[in-house]
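Chemist: Pasting the sequence and the predicted coordinates here, then a few questions.
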Amino acid sequence: VNAIDAGRRADKLIDGSGLSGSGDILSQTHSAPGNTTADYFLGSATGNGIVFTLPAAAKVASAHLWQYDRPGLTSRGFNAFDMSFSTDGGVTFPTTITLALTQGTGAPPTPVQTLGFAQQSRVTHIRFHNITNFGDPSWIGLSEVRFGSVGPLSLGQPTSSNIQSGQATVSTSVSQAVDA
């Protein structure tokens with residue numbers, strides 16, 4: 001994965017950098033678009049993917065995403081993408097759904113967009129792939145990600161971030177137990 005600079009690593013999607021507000025994380029906004037310590041960029045507008053590795057099997061029924069919303073550059077934000085689920089440790093991803101985000105307004109702070117779907121059980125890995133943006137020829141950006149079941153499956157500080165074979169792999173810790 002190519003990035004604009006070393007600060008825009010995959011772990012920025014789950015570390016809470018750029019989020020502001022108090023209370024429940026889903027009421028917080030992302031207020032730092034374009035901040036190299038708070039956003040993540042895929043280095044090409046095509047052929048990229050991100051794999052989230054959960055530390056334990058979990059039920060997942062929603063994705064909570066904070067769109068890339070830098071003024072004048074909202075065309076870089078996620079548009080449509082496939083989200084696939086693995087229940088065998090990331091060996092196969094047999095279930096795939098297609099989701100789409102609304103383009104940012106270019107006027108942060110940016111609220112969360114919650115995308116619900118049929119509950120997936122015993123999920124160990126979640127992959128975003130076939131990602132499109134809103135027309136930027138070079139970059140695809142996203143600010144923050146959480147997954148949810150009954151309540152948000154909160155991904156805490158990452159335990160590691162690896163870049164391999166054009167895929168960003170983000171290992172996470174779960175701060176809220178979810179019955180798989």
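Modeler: Arrived safely, thanks for sending.
Chemist: Angles on the backbone of the residue nearest to Thr132 when sequence neighbours are not counted, please.
Modeler: Counting by C-beta to C-beta, 6 or more residues apart in numbering, Asn79 is the residue found nearest to Thr132 once chain neighbours are left out, at 4.6 Å. (Glycine included, C-beta is placed from N, CA and C.) In terms of degrees, to the nearest 10, the main-chain angles of Asn79 are phi -110, psi -100.
Chemist: and what of the one 5 residues further on?
Modeler: Dihedral angles phi and psi of Ser84 (degrees, to the nearest 10) take the values phi -120, psi 150.
Chemist: Can you get me a residue count around it?
Modeler: By the criterion of other C-beta atoms under 10 Å, Ser84 has 19 neighbours.
Chemist: Over to Phe147?
Modeler: Phe147 - counted by other C-beta under 10 Å - has 26 other residues nearby.
Chemist: Please name the bridge partners of Thr53.
Modeler: For Thr53, the residues forming beta bridges with it (DSSP bridges) are His125, Ser171.
Chemist: Mind listing what's buried along stretch 58-75?
Modeler: Across stretch 58-75, burial judged by 16 or more other C-beta atoms under 10 Å covers 58-70, 73-75.
Chemist: Looking at those residues, which are in strands?
Modeler: The strands, defined by DSSP state E, take in Ala58, Lys59, Val60, Ala61, Ser62, Ala63, His64, Leu65, Trp66, Gln67 from the buried residues of stretch 58-75.
Chemist: Can you name the residues that contact the residue nearest to Thr132?
Modeler: Neighbouring residues of Asn79 by C-beta atoms under 8 Å, 6 or more residues apart in numbering: Ala100, Leu101, Gln103, Ile131, Thr132, Asn133, Phe134.
Chemist: Can you say which of those residues are buried?
Modeler: If we count by 16+ other C-beta under 10 Å, the contacts of Asn79 have these buried: Leu101, Gln103, Ile131, Asn133, Phe134.
Chemist: Which one of the contacts of Asn79 is nearest to Tyr40?
Modeler: Using C-beta to C-beta, Ile131 comes nearest to Tyr40 of the contacts of Asn79, at 11.6 Å.
Chemist: Could you measure from that closest one over to Ser20?
Modeler: Applying C-beta to C-beta, to the nearest Å, the value for Ile131 to Ser20 is 26 Å.
Chemist: now swap in Trp66 and tell me
Modeler: Using C-beta to C-beta, Trp66 is found at 11 Å from Ser20.
Chemist: and of the buried residues of stretch 58-75, the nearest to Thr124?
Modeler: Looking across the buried residues of stretch 58-75 and measuring by C-beta to C-beta, the closest to Thr124 is Ala58, at 8.1 Å.
Chemist: who's that closest one bridged to?
Modeler: Beta-bridge pairing of Ala58 under DSSP bridges involves Val123.
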